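Asker: just need the structure, nothing else, for what follows:
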Amino acid sequence: FSVIQWMHSHTRLGVLVFSSLSGCWSVSMSTNCNDLGLNRVGVLVSGQCAYDCFYWKLYNMSTLIKLDMNTMQFCTVDLPPGHDEREIVMVESGESKVAMFSLSYKSTSVDYYTFSQNGSEKSQEWHMMSTIPLPAHYTSKCYIGGPAEGYIFIECIRDGESSTYSTVLSLEIKSFNIERVRGTSHNGLA
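Answerer: Down below sits the predicted model:
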């Protein structure tokens, strides 16, 4: 078996691979941030895997760092404008298209985008496919997490309630159906 570990500093990104055959770690690849068109790497958030690629959103930026596990290469993917302060979840949507659910901190809906990950840079244009409204009274201070078994999860503080109480909603990836999962006495996804 193999284990893959990624690492980063302010100026470099790298991938280490552990092989059970050799019992050793080796550097699979390393790249300089300038090679990716970045001055530096800040905080990476929202790490998810879709179609053998890992995606991390750069905090307070409309940029993803993508690691293709087949080629062990890093690249950047621009997000649609205005995503610097949005939370995202990346999922597989079928037909080799990667999908993204996007949510702002105070939102009345979740936006659903797709892009084709195969082909040229032009094929990586985002296409807004749908806007999924959140249930009434659950539009204050929302956080998004997942995916897990075909769902993403949205934690919301009900309008007018204390920030110590939140409700977790599930959003089924295929149908966009939203259901209340549970209420909590503390913030559970953030």
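
Asker: give me the outermost residue of this protein relative to its centroid.
Answerer: Residue distances from the centre of the chain (C-alpha atoms, centre = their mean) peak at Ser22, which lies 33.0 Å from the mean C-alpha position.

Asker: would you mind stating the distance between it and Met29?
Answerer: 18 Å (C-beta to C-beta, to the nearest Å). For every residue, glycine as well, the C-beta is placed using N, CA and C.

Asker: low-confidence regions, the protein specifically.
Answerer: 117-124, 138-140, 159-164, 183-190 (pLDDT under 70).

Asker: who touches stretch 125-138?
Answerer: If you take C-beta atoms under 8 Å, 6 or more residues apart in numbering as the criterion, stretch 125-138 is touched by 79-80, 99-100, 107-115, 142, 154, 156, 158-160, 167, 169, 171, 176, 178, 180.

Asker: these in strands, which ones?
Answerer: Using DSSP state E, 99-100, 109-115, 142, 154, 156, 167, 169, 171, 178, 180 are the members of the contacts of stretch 125-138 that sit in strands.

Asker: neighbours around Lys106, how many?
Answerer: Neighbourhood size, Lys106 [other C-beta atoms under 10 Å]: 9.

Asker: just Met129 next, same as before
Answerer: Every residue meeting other C-beta under 10 Å relative to Met129 is counted, giving 14.

Asker: any idea of the angle the helix or strand where it lies forms with strand 166-172?
Answerer: Using DSSP states H and E, Met129 sits within strand 127-133. Calculated by axes from the mean of the first three to the mean of the last three C-alpha atoms, to 10 degrees, strand 127-133 forms an angle of 130 degrees with strand 166-172.

Asker: ok, back up a step: narrow the contacts of stretch 125-138 to those that are buried.
Answerer: For the contacts of stretch 125-138, a burial check counting by 16 or more other C-beta atoms under 10 Å picks out 79-80, 99-100, 107, 110-115, 142, 154, 156, 158, 167, 169, 171, 178.

Asker: partner strands of the helix or strand hosting Ser28 and their direction?
Answerer: Assessed by DSSP H and E, Ser28 sits inside strand 24-32. Applying DSSP bridges, strand 24-32 is found paired with strand 12-19 (antiparallel).

Asker: what about the helix or strand where Val45 lies, distance to the chain center?
Answerer: Counting by DSSP H and E, the element that carries Val45 is strand 44-50. Distance, stretch centre to chain centre, for strand 44-50: 4 Å (C-alpha atoms, centre = their mean, to the nearest Å).

Asker: can you list the strands that it pairs with?
Answerer: Strand 44-50 pairs in its sheet with strand 53-58 (antiparallel), by DSSP bridges.

Asker: buried sites along the very next helix or strand once past the strand it pairs with?
Answerer: Under the assignment DSSP H and E, the closest C-terminal helix or strand after strand 53-58 is strand 63-68. By neighbour count on 16+ other C-beta under 10 Å, the buried set for strand 63-68 is Thr63, Leu64, Ile65, Lys66, Leu67.
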